[in-house]
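Undergrad: attaching a predicted model along with its sequence, questions to come.
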Amino acid sequence: MKCFVTGGSGFIGANLVHELCRRGHTIRVLARPDADIRGLAGADYELLEGDLTDRKLLQAAMKGFDWCFHAAASYHLWLPDYREMFATNVEGTRNVLEAAFLADCSRIVYTSTVGCIGLPREVDGKIIPSDETAMATEADMTCPYKLSKWQAEQVAYELVKRGLPIVIVNPSAPVGPRDVKPTPTGKLVVDFLRRAMPAYVDTGLNWVHVRDVAVGHILAAEKGQLGERYILGNAEGNWTLREVFSVMQDITGVPAPKVQLPYFIPLVASYLEEGFAKISGRPPRAPLAGVRMARHKMFYNPAKAIRELGLPQTSPRDALAEAAEWFRQNDYLKRKT
């Protein structure tokens, strides 16, 4: 298949490009001129420099392509001005999906996030992981990034009703190699390895190998039901931060932090940091949006993707081990992130 990929320089996108290469597909990657494409090293692809706002470029670039994977997004938990992020994530999504349809792509896979799915419920003190049926509203979006992705997902649903062949995928918390930036989950691994994390809060995520997420995108193009969404996560990956650090200690020999902070301490600190950030223009180390998200254990159930797509289930332990090894090999323990 001829595959058009936006966001190929990102964490998920780069791993998707490598997986498409392994399967013998032809790939064109759209990236901004200033994009860091180190994650694409070793992959066979054509690079097209451009922007999600250029509708004519998008439609012309996708002509003759079979599949479109829209994995590009602006991911920031703090910005002095969020208008550009909304333009990229919402209107950029509309531009890509409509251009893919006009270019006659037979499958369009849109990369959303589990942040657009309702939070897990707690029953008798036990957390019940959310699945695709857990609906979230605009009011549930606790930060501009999540709101922009929720609005973008609504655009995708709107276009599905108009007949566009869209499948939506909602990755949980990917971890693994090629996390060039790194992402917040990758930075957590780096900070742990540097022993720069003296304490933690009681939170949790669904941890999934980024390779499984990449493969899940391809399976969504091959087998996904149009108009449906699929959680790309790991059935055994609902781990608290304390559990993650215990596994990381076992893998790396680096001692895990012992101190668990009450939630109000990082909350107050983030309010103060964001106050200084508004004055200085420098991003806070702990954005308020991230601290607010950490209040909930974001546990999810990927059973639908496993059942309908055949989503692989690599152990989260292996994902963390591969991430740690990749960061070490690429000297992330010595550089500022």
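TA: Received, thanks. Residues are numbered from 1 along each chain as shown.
Undergrad: not counting stretch 281-300 itself, show me its contacts.
TA: 77-78, 80, 114-115, 117, 119-120, 127, 129-131, 142-146, 172-173, 184, 201, 203-206, 231, 233, 238, 240, 263, 266-267, 269-271, 273-274, 276-277 (C-beta atoms under 8 Å, 6 or more residues apart in numbering). In this view, the C-beta of every residue, glycine as well, is placed from N, C-alpha and C.
Undergrad: residue ranges of the helices in this structure, please?
TA: In the chain, the helices defined using DSSP state H lie at 11-22, 55-62, 83-86, 92-102, 144-161, 184-193, 210-223, 241-252, 264-280, 288-293, 303-309, 316-329.
Undergrad: would JSON lines of the ones you listed with mean pLDDT, distance to Ala136 and mean neighbour count be doable?
TA: Output for these, formatted as JSON lines (pLDDT from 0 to 100; distance: least, C-beta to C-beta, whole Å; neighbours: other C-beta atoms under 10 Å):
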{"stretch": "helix 11-22", "mean pLDDT": "98", "distance to Ala136": "21", "mean neighbour count": "25"}
{"stretch": "helix 55-62", "mean pLDDT": "96", "distance to Ala136": "28", "mean neighbour count": "18"}
{"stretch": "helix 83-86", "mean pLDDT": "94", "distance to Ala136": "18", "mean neighbour count": "14"}
{"stretch": "helix 92-102", "mean pLDDT": "98", "distance to Ala136": "17", "mean neighbour count": "23"}
{"stretch": "helix 144-161", "mean pLDDT": "97", "distance to Ala136": "7", "mean neighbour count": "20"}
{"stretch": "helix 184-193", "mean pLDDT": "94", "distance to Ala136": "20", "mean neighbour count": "20"}
{"stretch": "helix 210-223", "mean pLDDT": "98", "distance to Ala136": "20", "mean neighbour count": "25"}
{"stretch": "helix 241-252", "mean pLDDT": "96", "distance to Ala136": "23", "mean neighbour count": "17"}
{"stretch": "helix 264-280", "mean pLDDT": "71", "distance to Ala136": "22", "mean neighbour count": "14"}
{"stretch": "helix 288-293", "mean pLDDT": "69", "distance to Ala136": "13", "mean neighbour count": "20"}
{"stretch": "helix 303-309", "mean pLDDT": "98", "distance to Ala136": "17", "mean neighbour count": "18"}
{"stretch": "helix 316-329", "mean pLDDT": "98", "distance to Ala136": "24", "mean neighbour count": "19"}
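Undergrad: let me have the ones you listed in JSON lines, extended by distance to Leu40.
TA: What follows is the helices of the chain, written out as JSON lines (distance: least, C-beta to C-beta, whole Å):
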{"stretch": "helix 11-22", "distance to Leu40": "5"}
{"stretch": "helix 55-62", "distance to Leu40": "17"}
{"stretch": "helix 83-86", "distance to Leu40": "23"}
{"stretch": "helix 92-102", "distance to Leu40": "19"}
{"stretch": "helix 144-161", "distance to Leu40": "24"}
{"stretch": "helix 184-193", "distance to Leu40": "17"}
{"stretch": "helix 210-223", "distance to Leu40": "13"}
{"stretch": "helix 241-252", "distance to Leu40": "27"}
{"stretch": "helix 264-280", "distance to Leu40": "32"}
{"stretch": "helix 288-293", "distance to Leu40": "27"}
{"stretch": "helix 303-309", "distance to Leu40": "25"}
{"stretch": "helix 316-329", "distance to Leu40": "15"}
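Undergrad: nearest approach to Arg38 belongs to which of the ones you listed?
TA: helix 11-22 (8.4 Å; C-beta to C-beta).
Undergrad: packing partners for that closest one?
TA: strand 2-6, strand 26-31, helix 210-223 (3 or more C-beta pairs under 8 Å, 6 or more residues apart in numbering; DSSP states H and E).
Undergrad: what comes up buried for the first one?
TA: It stands for strand 2-6. For strand 2-6, burial by neighbour count (16 or more other C-beta atoms under 10 Å) applies to Cys3, Phe4, Val5, Thr6.
Undergrad: picking up where we left off before, nearest to Ala41, of the helices of the chain?
TA: helix 11-22 (8.9 Å).
Undergrad: quick revisit: nearest to Pro33 among the helices of the chain would be which one?
TA: So among the helices of the chain, helix 55-62 is nearest, using C-beta to C-beta, at 12.7 Å.
Undergrad: so what touches the closest one?
TA: So helix 55-62 is contacted by 4, 28, 30, 48, 50-52, 68, 95-96, 98-100, 102-103, 105 (C-beta under 8 Å, 6+ apart).
Undergrad: among those residues, which pair sits farthest apart?
TA: The largest separation in the contacts of helix 55-62, counting by C-beta to C-beta, is between Asp51 and Cys105 at 19.2 Å.
Undergrad: more neighbours, those two?
TA: Cys105 (26 against 15; other C-beta atoms under 10 Å).
Undergrad: what's around the closest residue to the more buried one other than its chain neighbours, how many residues?
TA: What sits nearest to Cys105 in space, not counting adjacent residues and going by C-beta to C-beta, 6 or more residues apart in numbering, is Cys68, at 4.5 Å. Using other C-beta under 10 Å, Cys68 has 29 other residues around it.
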